[in-house]
Structure formats: structure tokens, C-alpha cells
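Colleague: here you go, sequence then predicted model.
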Amino acid sequence: MMMKSIAGRRLSGGLTRTARAGGRASRSVVTSMSTPLPKEVKTVTPVGGRTFLKLEEVKEETSGGILLPDQAQTKQTQGVVVICDDGLEFKVGQAVVYSKFAGTDVELGGQEHVILKNDDVVGVMPSTDAKDMQPLGNGILLEVDDPDDKTDGGIFMTGAPKEKPLTGKVLAVGPGNKNEEGKVEPLDISVGATVLYNKFSGVDFEANDGTALMVVKDHDILACLSE
């Protein structure tokens, strides 16, 4: 399969959960320890159904100028497609997001990159706000419900651990996957629906306004809920 490539461009905003130190932090990102490639290497061509992304540069301070310790920074999960196969739902030059623990980080020409499987790319980013994400395949973008601050008896829980919610509102759905005949089968989930999803599923993101988001697969949706 032919591949396309382009010189990566820097993104205007990262897509990670923000760290907080002395107030709300800017949308800072950090990559894990990457493998430096030899200086003479100029091009990386992934194989085996993989994609090559260029990551945003690391920002290590809050909007107030406070330096963040390593443990307060978060792994980058957004990049620009540098090289990918033809015929995918994303293409060279697009900003995409991917699963947090996916891929292998490498350093090429002093820039951070990641090589990951095509299936680990979960959405295309038309803007720097995760709420605008366009899920791929059978992915579904959810706005996760806030956890309750009080018990059934009306007692507010202060400082106690809160149970992670398993419900959310559908913001966007992917086009669906292709069947054995090569036809795309649309997902049977509608935008605006409230759903219950599998506890151990999904990839977490955060919108620019702090809203908790998640991308899950359609088979991780357990039920649609209504009042």
C-alpha cells in the first residue's frame, strides 16, 4: 500500500488533561522518554499498518509561569500525520488524537514523534478543542457525566473518593466500520443520546473548558438511557 508523507507542522494547542499548580494550568503536554534516531536519518517510513505522527512541543509551565514538575505533566496524545497509508479515514497533514498508551516515541531531527498502529488513531481534530473531535470507525465521542457530590440520602461527600461515572451524552459518532463486502455499516447510536458504557473502556480526553470527554467503541455501549 502506498504511503503519503509531509513535513510535520506544529499544532496550536495540545490535547491532554491539564496539570494544575498555583491555579489552572495551560494545556501543557509532555512526551515519555523517546528513542533518539541517528542524526543521518531523515525519513521514517512505518510498516505493518502503522502511522507516523509529529507531536507538539512540550510546554512545562502553567499560564502563570510556574514550572511543572515531571509528575504533574501529561503524555501527549495529539499529533500531525506525517506519513500514513492511503485509504484511511485520516490523511497526511491532519491533526489526530490517539490512545494514551499507544505507539513508540522517537526523536527525529530534534522533534518528538510517535509510530503507532492505524487502529490506535481514535479521531481527527478539526480544531484544538476536543469537543470538535471527529471519531473514526466505530468510535463514539461522549461527554462524561459529572460524579455525584452527595449520597442517595442527600449527604454531601467532602474529600471522599467519587465513583467514576459510567454514563455520558453522545457528542459525535464515527462513520462505522467496513463489513466483509467492503461496505461501511453505520452505527446504531444517535448524537444526543445518553448511554451507559463499559467500566474499563474508552480513551479519556478533556475539552478546552475542562469538560471530561471519552471516546469508546460501539461495542462498549451497554444501553441507551431515558427518563
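Modeller: Okay, I see it.
Colleague: state whether D119 is indeed within a strand.
Modeller: No. Looking at D119 with DSSP: H, G, I helix; E, B strand; the rest coil, it is helix, so not inside a strand.
Colleague: quick check: it vs V144, distance?
Modeller: Separation of D119 from V144 (Cβ to Cβ, to the nearest Å): 23 Å. The way it works is simple: take the backbone N, C-alpha and C, and place the C-beta from them, glycine included.
Colleague: more crowded one of those two?
Modeller: V144 (20 against 14; other Cβ atoms under 10 Å).
Colleague: so that one makes contact with M214?
Modeller: Yes. Under the criterion of Cβ atoms under 8 Å, V144 makes contact with M214 at 5.4 Å.
Colleague: list residues touching both of those two?
Modeller: Common contact partners of V144 and M214 (Cβ atoms under 8 Å, 6 or more residues apart in numbering): G168.
Colleague: ok, now which ones touch N118?
Modeller: Taking Cβ under 8 Å, 6+ apart as the criterion, N118 is in contact with G49, R50, T51, C84, D85, L88.
Colleague: need the pLDDT of it.
Modeller: Among the per-residue scores, N118 shows a pLDDT of 95.
Colleague: check the gap between it and V81 for me.
Modeller: Going from N118 to V81 by Cβ to Cβ gives 10 Å.
Colleague: who touches both of those two?
Modeller: Joint contacts of N118 and V81 (Cβ under 8 Å, 6+ apart) are T51.
Colleague: excluding its backbone neighbours, what's nearest S34?
Modeller: D105 (3.7 Å; Cβ to Cβ, 6 or more residues apart in numbering).
Colleague: where's that neighbour, which helix or strand?
Modeller: Assigned by DSSP states H and E, D105 falls within strand 104-108.
Colleague: what strands flank that strand, and is each parallel or antiparallel?
Modeller: Strand 104-108 has its sheet partners listed here by DSSP bridges as strand 35-36 (parallel), strand 111-117 (antiparallel).
Colleague: and the contacts of it?
Modeller: By Cβ under 8 Å, 6+ apart, strand 104-108 touches 31-37, 41, 44, 112-116.
Colleague: which of these sits closest to K183?
Modeller: Closest approach to K183 among the contacts of strand 104-108 (Cβ to Cβ): L116, at 27.0 Å.
Colleague: need phi/psi at the nearest residue to that closest one once chain neighbours are set aside.
Modeller: Spatial nearest neighbour of L116, chain neighbours left out: G103 (3.1 Å); criterion: Cβ to Cβ, 6+ apart. Dihedral angles phi and psi of G103 (degrees, to the nearest 10) take the values phi 80, psi 180.
Colleague: thanks a lot, catch you later.
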